[in-house]
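J.: next input, structure requested:
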Amino acid sequence: MNLTFGQIGHMPDAGWTANGGTTPPVSSLSSNLIVLGATYDASGGAVNVSDTFGNVWIPHTEKVSLGGGSNIKARLWHAENIIGGVPHTFTFTGLNSFIQGFAIGISGASSTPFDAESGAGNSGATAIQPGLITPAQTDEFMITVAGFTLNTVFDLITSGFTIQFNSAGIAGQRVTGGLALKVFSVGTENPTWNWTGLADGVAVMAAFKPPPVPPF
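T.: Numbering: from 1, shown residues only. Here you go, the predicted model:
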């Protein structure tokens, strides 16, 4: 069975505050894995996530941009074998963290889906790579979240990834951020996020497994 993405959610422009917010309601009935991603101000409070049904959110490694000014961070979380339903919302909170948050539901994931992760930060650049991941098996589902320290959007991402969200920062509300995915990945991956103008960037990525193919 291959992984397919079920639904995606993102806080609308009017919904964010400096301390976070909640995504619009969606149905998660078709998903058994949900991945959350966020970019946020490195000088703010710790970012926490929760959802309507009280699922357990496993944090991935947090990464930070490397500039000397107002750095930003990026992180992924996932909840496996989820309790889902309708309506399902996702909340991101962090004092003065100016969060940009994303949610994506996946159907057909393994009951122990997490495979590998990567992440990196840089400074004074026009692109960022999260770092190499070589999936443990074929047909894995890869998600990357990235941000940079300008209030514009990404130009593109390479390596066959599809950008699902690409949202500019808004002063006093949220930082810039984007989410991209690649389904049915085979081989080593390290996509490049590109933008216009010199900025400090940060990116994280994770790979998730489908169920094993018989014979086990």
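J.: isn't residue 199 up against residue 148?
T.: Yes. In this structure, residue 199 is within contact of residue 148 by Cβ atoms under 8 Å, at 4.2 Å. C-beta here means a position set from N, CA and C on the backbone, and glycine is covered the same way.
J.: show the model's pLDDT score for the nearest residue to residue 109 once chain neighbours are set aside.
T.: What sits nearest to residue 109 in space, not counting adjacent residues and going by Cβ to Cβ, 6 or more residues apart in numbering, is residue 33, at 3.8 Å. Residue 33 carries a pLDDT value of 94.
J.: and the gap between residue 33 and residue 161?
T.: Distance of residue 33 to residue 161, computed by Cβ to Cβ, to the nearest Å: 18 Å.
J.: residue 183 is in what secondary structure piece?
T.: Per DSSP states H and E, residue 183 falls inside strand 177-185.
J.: neighbouring strands - and their directions - for that strand?
T.: Within its sheet, and counting by DSSP bridges, strand 177-185 is paired with strand 140-148 (antiparallel), strand 162-167 (antiparallel).
J.: tell me the most buried of these?
T.: strand 140-148 (a mean of 29; mean count of other Cβ atoms under 10 Å).
J.: picking that back up, list the buried residues in the strand holding residue 183.
T.: Buried residues in strand 177-185, counted by 16 or more other Cβ atoms under 10 Å: 177-183, 185.
J.: now stretch 47-64
T.: For stretch 47-64, using 16+ other Cβ under 10 Å, the buried residues are 47, 49, 51-52, 55, 57, 60, 62-64.
J.: any idea which of these is closest to residue 116?
T.: The closest of the buried residues of stretch 47-64 to residue 116 turns out to be residue 60 (Cβ to Cβ; 10.3 Å).
J.: wait, doesn't that closest one sit right on residue 76?
T.: Yes. With contacts counted by Cβ under 8 Å, residue 60 reaches residue 76, the gap being 4.2 Å.
J.: overlap in contacts, these two.
T.: Common neighbours of residue 60 and residue 76 (criterion: Cβ atoms under 8 Å, 6 or more residues apart in numbering): 117, 204, 206.
J.: do you know how far the second one is from residue 72?
T.: Right, residue 204. Distance, residue 204 to residue 72, by Cβ to Cβ: 12 Å.
J.: what do you get for residue 8?
T.: Taken as Cβ to Cβ, the span from residue 8 to residue 72 is 22 Å.
J.: mind telling me what element the closest residue to residue 212 other than its chain neighbours is part of?
T.: Leaving aside its sequence neighbours, residue 212 sits nearest to residue 110 (Cβ to Cβ, 6+ apart; 7.3 Å). Assessed by DSSP H and E, residue 110 sits outside every helix and strand.
J.: and the residue nearest to the spatial centre of the chain, what are its bridge partners?
T.: By Cα atoms, centre = their mean, the chain has its centre lying nearest to residue 37, at 2.9 Å. For residue 37, the beta-bridge partners under DSSP bridges are residue 76, residue 102.
J.: and it, how far from residue 99?
T.: Distance, residue 37 to residue 99, by Cβ to Cβ: 11 Å.
J.: same check, this time on residue 134
T.: Separation of residue 134 from residue 99 (Cβ to Cβ) stands at 31 Å.
J.: looking at the two, which is more packed in?
T.: Neighbours were tallied for residue 134 and for residue 99 using other Cβ atoms under 10 Å; the higher tally belongs to residue 99 (27 against 11).
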